[in-house]
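**Student:** let's see this in three dimensions:
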Amino acid sequence: MMLLQEENKPKNVKEALTFPFKDIWTKAMEDELESMRVNKVWELVDLLEGRKAIGSKWVLKIKLKADGTVERYKDRLVEKRYTQQKRIGYEETFSPAVRFTSVRLVLACCIPGS
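**Tutor:** Numbering: from 1, shown residues only. Below you'll find the model as predicted:
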């Protein structure tokens, strides 16, 4: 791949989609959405009357190899939790992601003789 210069990194989605690497970012976003669909990350529900949904945004990163070449274009769709108000559905929001090492640690603590 090519060497990446700091000024070539997009600052936001709008810039990424008008960027010379538009097709690469579009593919990365499609892959992220497909992964979320396959893993059933969210469930569509009706919004209660008088409530607003929490927004989301894309976080874009370019992962580089040690020699400075592009390893991959990475993006994540994340919620804007800073817009959430305490006591209004606050306890209902969670992240289903977990590290495998964390699961192993919990299981090791629960299993007798470990």
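**Student:** what about the nearest residue to M29 once chain neighbours are set aside, which SS state?
**Tutor:** Distance criterion CB to CB, 6 or more residues apart in numbering; nearest residue to M29, sequence neighbours excluded, is D75 at 5.7 Å. Quick note: C-beta positions are derived from backbone N, CA and C, even for glycine. What DSSP: H, G, I helix; E, B strand; the rest coil gives for D75 is strand.
**Student:** go on, K57?
**Tutor:** Following three-state DSSP, we place K57 in the strand state.
**Student:** do the one 5 residues further on as well
**Tutor:** In the three-state summary, I62 is assigned as strand, counting by three-state DSSP.
**Student:** ok, it - contacts?
**Tutor:** Neighbouring residues of I62 by CB atoms under 8 Å, 6 or more residues apart in numbering: 4, 9, 70, 72-74.
**Student:** which one of those residues is nearest F19?
**Tutor:** When those are ranked by distance to F19 (CB to CB), K9 comes first, at 9.2 Å.
**Student:** count the neighbours of the closest one for me.
**Tutor:** A count of nearby residues for K9, using other CB atoms under 10 Å, gives 14.
**Student:** apart from its chain neighbours, what residue comes closest to it?
**Tutor:** Among residues not flanking K9 along the chain, I62 sits closest, at 5.8 Å (CB to CB, 6+ apart).
**Student:** give me the pLDDT for that neighbour.
**Tutor:** Looking at I62, its pLDDT reads 86.
**Student:** what are the bridge partners for it, then?
**Tutor:** Per DSSP bridges, the residues bridged to I62 are Y73.
**Student:** tell me the spacing between it and A108.
**Tutor:** I62 is 36 Å from A108, where distance means CB to CB, to the nearest Å.
**Student:** how about the contacts made by the residue nearest the centre of the chain?
**Tutor:** The structure's the chain has its C-alpha centroid closest to R76; by CA atoms, centre = their mean the separation is 2.6 Å. R76 is in contact with 32, 58-59, counting by CB under 8 Å, 6+ apart.
**Student:** what is the neighbour count of the nearest residue to F21 once chain neighbours are set aside?
**Tutor:** Nearest non-adjacent residue to F21, counting by CB to CB, 6+ apart: Y73, 7.2 Å away. Around Y73 there are 18 other residues, counting by other CB under 10 Å.
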